[in-house]
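Trainee: coords below, sequence missing:
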């Protein structure tokens, strides 16, 4: 059995209105340039292996279309097709690319302040893009928001739900990184700190913070 992940929670309040990114921000350009110079080794193979091992559960295997978002971002950087979205998402993608750890980012007004980590159940799915495409969530590591009927999945290390994505009216955000249990605590805290700092500097957040949680295995 794989040890449960370490999950840093990062938040920012009072960000600037997110707008579509037209020019690549310097902090992101710097990470992509480093990745381009280093190639595949920019994220060491042992990090990618540990992340995939962390996500392996039941029927889910972190490969093909189900590989973690951090791997998609590395390939996009090397292929000169890195996505530019908006300020908060660009921050998330920069940290995920640099660390090798997948992340989820939510509009806090839509996700709420209570979040639950569990694995997906049979027949669970959600829409992840504006085209209405869905992702099968069975056995995937999930972040869920609290709703009247219980806990509703809204994010995972592959693709987040449309229900809680950042939009032009977003003012508060909350994010998580999915980190293998054997990552040194100091390293986890440093990535969370860098994430929060970028939300403050690049997105104009009035208040930022983070906390690091070790998660008990879901039944």
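Mentor: Noted; the coordinates are in hand. What you see is a predicted model, and the numbers here were worked out from it, not measured in a lab.
Trainee: so residue 86 sits right up against residue 165, yeah?
Mentor: No. Counting by CB atoms under 8 Å, residue 86 stays clear of residue 165, with 10.0 Å between them. The C-beta positions use only the backbone N, C-alpha and C, and glycine is treated the same way.
Trainee: Show me the shaky parts of the chain.
Mentor: Applying pLDDT under 70 to the chain flags the ranges 1-2, 215-219.
Trainee: Just the strands from it, written as ranges.
Mentor: Residue ranges of the strands in the chain, as given by DSSP state E, are 6-13, 103-107, 115-119, 125-127, 134-136, 141-147, 150-155, 172-177, 207-214.
Trainee: who touches the third one?
Mentor: The contact list for strand 115-119 (CB atoms under 8 Å, 6 or more residues apart in numbering) reads 5, 7, 9, 57-58, 139-146, 151, 174, 176, 215, 218.
Trainee: Quick one, which of those are buried?
Mentor: Buried by 16 or more other CB atoms under 10 Å: 5, 7, 9, 57, 139-145, 151, 174, 176, out of the contacts of strand 115-119.
Trainee: Would you format those residues as a markdown table with distance to residue 129 included?
Mentor: Formatted as a markdown table, the buried ones among the contacts of strand 115-119 follow (distance: CB to CB, whole Å):
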| residue | distance to residue 129 |
| --- | --- |
| 5 | 25 |
| 7 | 24 |
| 9 | 25 |
| 57 | 24 |
| 139 | 22 |
| 140 | 17 |
| 141 | 20 |
| 142 | 18 |
| 143 | 18 |
| 144 | 20 |
| 145 | 19 |
| 151 | 23 |
| 174 | 21 |
| 176 | 20 |
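Trainee: out of those, who's nearest residue 49?
Mentor: Ranked by distance to residue 49 (CB to CB), the buried ones among the contacts of strand 115-119 are led by residue 5 at 14.6 Å.
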